[in-house]
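Q: model this:
(4 chains)
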There are 2 protein chains.
Amino acid sequence: MTNTEIPRKTIYRLSIFQRCLQRLKENKVETVSSEALAKAAGVKPTQLRKDLTHFGQFGTRGLGYNVSGLSSAIAGVLGSSRLQPVILVGVGNLGSALLRYGGFQKEGFEIVAAFDSLPVPARAKGLKTALMKATDLTRFIRRQNIKMAILTVPALHAQEVVNEMVAAGIQAILNFSPVVLEVPKNIIVNNVDLAMELENLSYFIR
Amino acid sequence: MTNTEIPRKTIYRLSIFQRCLQRLKENKVETVSSEALAKAAGVKPTQLRKDLTHFGQFGTRGLGYNVSGLSSAIAGVLGSSRLQPVILVGVGNLGSALLRYGGFQKEGFEIVAAFDSLPVPARAKGLKTALMKATDLTRFIRRQNIKMAILTVPALHAQEVVNEMVAAGIQAILNFSPVVLEVPKNIIVNNVDLAMELENLSYFIR
DNA sequence: CTGTGTGAAGGCTTTCACAGCC
DNA sequence: GGCTGTGAAAGCCTTCACACAG
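A: Next up, the predicted model:
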């Protein structure tokens, strides 16, 4: 099919477009031009159109895009692998926070279990997610065939936990530890480093 | 001085290098080559060297970089504006979580106040950060001359809160709401969208 | 001989310009 | 006329290759 590898940035933007389309749908808008949608997404119209050409043709010339049509097209690209179960490792401040945060479920992800080396029940108070011991990690990943993990352990332990998870079969990691993880090439890691984002912002203030 | 604008990616990497240097310092390493440091940071040696040329020359040919020397040089570039006070707006699940999370303080940022339209004292239980009403937001920003804000309000209210903050003088925003914010060109926004990161990861799993 | 600093080359992404369809 | 789809151009970032300093 698509011969060239699709840029990661394109995939990120697809998610943004999807969000905007959702909002349009709620407002009963049926058709949208690349100009309008791009503006809502904060990009240039040509970029939106270029992004879409990676996957096919979805618009009608002279008219624009059918909102729900484009939306399901993007869902088809993105969504195929959407209903992944996810585990969270490291139920400290940030970890328990993310468990409480509903934003994942809303987008179709479910955190099916949380792990900690020293599970403190108080931390999981009021949560419906199962809290398990770190010693169960490998077995759980294998048994349930989990592919995605959110990593919120202290920096010091991040790499060793990653090694264990990768050995058990995890393929994608959302890493919140301020550490550069070493993983085999076929494993994908996205880093979210909050302190770094602030540092970066502060640089650009004059 | 430097005529061309420095790429944002370079600034991000500077933060990573700084982290690695810190670790080297703790281990009493005095000298490091671009190859070793780059490997620790997960980039190519030439890129590290190119990044540094934006700011000057910091190495010794045939030897490498003095760890603490390079570290303070980078701190000088990044750190000039490091001790920014920060406010957090939106004390919901994610917001109160971030307040509890210590990762910011460690890197030199302090959240000096938190705001919510309906401050629930229970949410702030055990926190030392002052919890204030949203109606005090503008005045506080003006009085304390705050420039940076962390935004963790529901998507629906994000834009209006941003408008108010920008009018009051905020210059940089770390936005956790899954919304594309509209701001004047001189205002800088970094987006952290957790659901999008997961979506992105799941796409790359086969 | 080792390892930095850097102009030039290469590769990737964005933007332009316009052909083509409604 | 209006707006998409897309090859070509431009711009940006990364990598190479090597001059040069210790």
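
Q: just give the nearest non-adjacent residue to A:G59, would you?
A: A:Y65 (4.7 Å; CB to CB, 6 or more residues apart in numbering or on different chains). (Each C-beta comes from the backbone N, C-alpha and C, glycine too.)

Q: what is the burial count for the one you found?
A: Each residue near A:Y65 was counted by other CB atoms under 10 Å in any protein chain shown, and the total is 25.

Q: so it lies in a helix, does it not?
A: No. A:Y65 sits outside any helix when classified using DSSP: H, G, I helix; E, B strand; the rest coil, being strand.

Q: residues touching it, list them.
A: By CB atoms under 8 Å, 6 or more residues apart in numbering or on different chains, the residues touching A:Y65 are A:T31, A:V32, A:S33, A:S34, A:L37, A:F58, A:G59.

Q: check A:A114 too.
A: A:A114 neighbours (CB under 8 Å, 6+ apart): A:I87, A:L88, A:V89, A:V91, A:G95, A:L99, A:A124, A:L127, A:T129, A:A130, A:L131, A:M132.

Q: ok, and the closest non-adjacent residue to it?
A: Nearest to A:A114 is A:L88, by CB to CB, 6+ apart, at 4.6 Å.

Q: in which helix or strand would I find the one you found?
A: Assigned by DSSP states H and E, A:L88 belongs to strand A:85-89.

Q: what's whichever helix in chain A runs longest packed up against?
A: Criterion DSSP state H: the longest helix present in chain A is helix A:8-26. Applying 3 or more CB pairs under 8 Å, 6 or more residues apart in numbering or on different chains; DSSP states H and E, we find helix A:8-26 packed against helix A:34-41, helix A:45-53, helix A:67-79, helix B:194-204.

Q: does the third one come close to chain B?
A: Yes. Interface with chain B: helix A:67-79 contributes A:V77, A:L78 (CB under 8 Å from any CB of the partner chain).

Q: still on that earlier bit, next, the angle strand A:85-89 makes with the helix or strand following the strand holding A:L88.
A: For strand A:85-89, the following helix or strand on the C-terminal side (DSSP H and E) is helix A:93-100. Angle, helix A:93-100 to strand A:85-89, by axes from the mean of the first three to the mean of the last three CA atoms, to 10 degrees: 150 degrees.

Q: close to DNA strand C, is the longest helix of chain A?
A: Yes. Applying CB under 7 Å from any atom of the strand, one finds helix A:8-26 touching DNA strand C at A:R8, A:K9, A:T10.

Q: centre of the chain to stretch A:119-135, how far?
A: Put simply, stretch A:119-135 sits 23 Å off its chain's centre (CA atoms, centre = their mean, to the nearest Å).

Q: now do the end-to-end distance for it.
A: Using CA to CA, to the nearest Å, the span of stretch A:119-135 from its first residue to its last is 11 Å.

Q: and the pLDDT at A:V166?
A: A:V166 is assigned 98 on the pLDDT scale.

Q: now A:L156
A: 94.

Q: tell me the SS of it?
A: Classified using three-state DSSP, A:L156 is helix.

Q: quick one: contacts for it?
A: Neighbours of A:L156 in contact, by CB under 8 Å, 6+ apart: none.

Q: how many other residues sit next to the residue nearest to A:A114?
A: Using other CB under 10 Å: A:L88 sits among 26 other residues.

Q: before we move on, what about the one 4 residues further on?
A: The burial count assigned to A:G92 is 16, neighbours taken as other CB under 10 Å.

Q: where does the residue located most distally from the centre of chain A sit, in terms of helix or strand?
A: Centroid-distance maximum for chain A: A:G62 at 34.6 Å, with CA atoms, centre = their mean. Per DSSP H and E: A:G62 is located in neither a helix nor a strand.

Q: hmm, back to that, check the gap between the residue nearest to A:A114 and DNA strand D for me.
A: Distance of A:L88 to DNA strand D, given as CB to the nearest atom of the strand, to the nearest Å: 30 Å.

Q: hmm, that residue is touching A:L99, no?
A: Yes. Applying CB atoms under 8 Å, one finds A:L88 in contact with A:L99, separated by 6.3 Å.

Q: who touches both of these two?
A: What both A:L88 and A:L99 touch, as defined by CB under 8 Å, 6+ apart, is the set A:I111, A:A114, A:T129.

Q: helices and strands of chain A: which one has the lowest mean pLDDT?
A: helix A:103-106 (a mean of 77; mean pLDDT, DSSP states H and E).

Q: just after it, pick out the following helix or strand.
A: Next along the chain after helix A:103-106, with elements defined by DSSP H and E, is strand A:110-116.

Q: who does that following strand pair up with?
A: The strands that strand A:110-116 pairs with in its sheet are strand A:85-89 (parallel), strand A:130-133 (parallel) (by DSSP bridges).

Q: next, the angle helix B:194-204 makes with that strand.
A: Using the same axes, to 10 degrees, strand A:110-116 lies at 100 degrees relative to helix B:194-204.

Q: how far away is the closest residue to A:V29 other than its chain neighbours from A:Q18?
A: Distances taken as CB to CB, 6+ apart put A:V67 closest to A:V29, at 5.6 Å, once the chain neighbours are dropped. For A:V67, the distance to A:Q18 (CB to CB, to the nearest Å) stands at 11 Å.

Q: cool, and A:L151?
A: For A:L151 relative to A:Q18 (CB to CB), the value is 25 Å.

Q: please parse chain A into its domains.
A: A:8-77, A:85-199 (automatic domain parsing).

Q: compare these and say which comes out lowest on pLDDT.
A: Mean pLDDT, when computed for each of the domains of chain A, is lowest for domain A:85-199, at a mean of 92.

Q: A:V77 touches A:F55, doesn't it?
A: Yes. Using CB under 8 Å, A:V77 makes contact with A:F55 at a distance of 5.4 Å.
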